[in-house]
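**Student:** pasting a predicted model and its sequence here:
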Amino acid sequence: MHLLFRRLQKLCAISRIRIAASALLVALTAVQNAHAGSIADNTQEGLDRRSALEAVADTPFGFGNGSFVVAPIPMRSPMFGTGLTLGGGYLFQSDAGSNTSFLGLAGLKTSNGTNGYGAGGKLSLSDNRWQTTFFLGEVDAFYDAFPLGVPVAINQSGRLGLLSGSYGFNRHISAGLEISQLDTQIRRDGSGLLPSDLLPDADLNIVTVNLVFAADYRDDSLYPTEGSHLQVTAGQGRTVDGAAREFEKAVLTFDHFISGLGPGVIAMRVAACGVTDNTPFFEKCSIGGSDAFRGYNAFETLGDRLLSAQIAYRGQLGARFGYSVFGGFGNTADSFSELGDTDIRYAAGIGGRFRLSRKFPMDLAVDLVRNRDGENYTYIYVGQRF
């Protein structure tokens, strides 16, 4: 699941409408993981494993030798409640050295009324040297915003188009470009007007161009046990109609994994984010929106700067079941120098895992989290947070 979902949600750190739109492809990417055994796995171990499987199965390559799949995937988040994503797609492998490509359609419905649909895919070509992701979709999302520290129920609708491409210099280092357009409208859910702080962002048509750099030294992209992964995304957004408006945003995440300390794996993440003053509220840095942090509604923690750190210990209990114990802390502020001036936010939790494939390490995750304010959250998703 987590390639496209994470690519749109945490690597690009884009708006909540984009997060909801990317969830439409959860089902497709989950099936892709089970079918191919590896998503964006550019390590030699991953390539060797896939080559061995192909040699046994004598699988042909090319678009005409693919297969159709359909999958329902449950979800739960503090922002959108419980829901279901239903997707179907066509999967194929362009050559022996490339990851599985897919084209598909998906629909999303959650308990708080959020719904949407979309179409997209991911193509991996020439031994993974060239990779591209594309998406078109429409979402009607309901969630709480916190313009003055008090929750305000709002409804944000939007249409998103996204196209990204990357070039792999070798099996570890890649760089690329992402272009997206978001046409979004915001209104209050129920009677009344939007708070004045949200009015400038009520009707925007934004084009964003991002540069993306990655250094991936993990031993596996689905369930890493050793190595590290650095991702840097930086770019500019601007309105294409109405009042002229520009903003910049940059997000950095660094993950590191250590095995050999007991039966499990230690996973660590450090994240940083920065935006300029004119950034729409739904594009600002946030705990949970920019770093995959669990335990907070992303709109409670908006700021122009963010620093956070997380650690998890996860392992297996037999062939099918697993566990995770995790925690973290972080903060947002108007500048990096002010990050320590207010109370640091922190949260911790435990989670269970169920392995969806006997061959490949793809898990259904259920996490229970408690934050510093005594609030409890439950998350259900496919894959690992980092």
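**Tutor:** Here it is on my side, so go on.
**Student:** and the strands in the stretch 151-300 of the chain?
**Tutor:** Taking DSSP state E, counting those that start in this stretch, the strands of the stretch 151-300 of the chain run over residues 152-168, 173-188, 203-216, 227-239, 246-259, 265-275.
**Student:** hey, what's the residue lying closest to residue 79 once chain neighbours are set aside bridged with?
**Tutor:** Nearest-residue entry for residue 79: residue 143, 4.8 Å, with adjacent residues in sequence omitted and distances by CB to CB, 6 or more residues apart in numbering. Placement of C-beta: from N, CA and C, glycine included. Residue 143 forms beta bridges with residue 154, as assigned by DSSP bridges.
**Student:** about what we covered before: with respect to burial, which of the strands of the stretch 151-300 of the chain scores highest?
**Tutor:** Ranked by mean neighbour count, those are led by strand 265-275 with a mean of 21 (mean count of other CB atoms under 10 Å).
**Student:** tell me which other helices or strands that strand touches.
**Tutor:** Strand 265-275 sits against strand 246-259, strand 305-317, with contacts defined as 3 or more CB pairs under 8 Å, 6 or more residues apart in numbering; DSSP states H and E.
**Student:** correct me, but residue 160 touches residue 141?
**Tutor:** No - using CB atoms under 8 Å, residue 160 makes no contact with residue 141, being 11.3 Å away.
**Student:** correct me, but the residue nearest to residue 79 touches residue 77?
**Tutor:** No - contact criterion CB under 8 Å: residue 143 and residue 77 do not qualify, at 9.6 Å.
**Student:** in the sheet, who's paired with the closest residue to residue 255 other than its chain neighbours?
**Tutor:** Nearest residue to residue 255, sequence neighbours excluded (CB to CB, 6+ apart): residue 229, at 4.5 Å. Beta-bridge pairing of residue 229 under DSSP bridges involves residue 216, residue 255.
**Student:** look up how far residue 349 lies from residue 229.
**Tutor:** To residue 349, residue 229 is 22 Å away according to CB to CB, to the nearest Å.
**Student:** ok, now residue 87?
**Tutor:** In this view, residue 87 and residue 349 are 28 Å apart by CB to CB.
**Student:** which one's more surrounded, these two?
**Tutor:** Neighbour count, other CB atoms under 10 Å: between residue 87 and residue 349, residue 87 has more, with 26 against 21.
**Student:** any idea which helix or strand carries the more buried one?
**Tutor:** Using DSSP states H and E, residue 87 sits in strand 81-92.
**Student:** rewinding a little: roughly how far does the residue nearest to residue 255 sit from residue 217?
**Tutor:** 7 Å.
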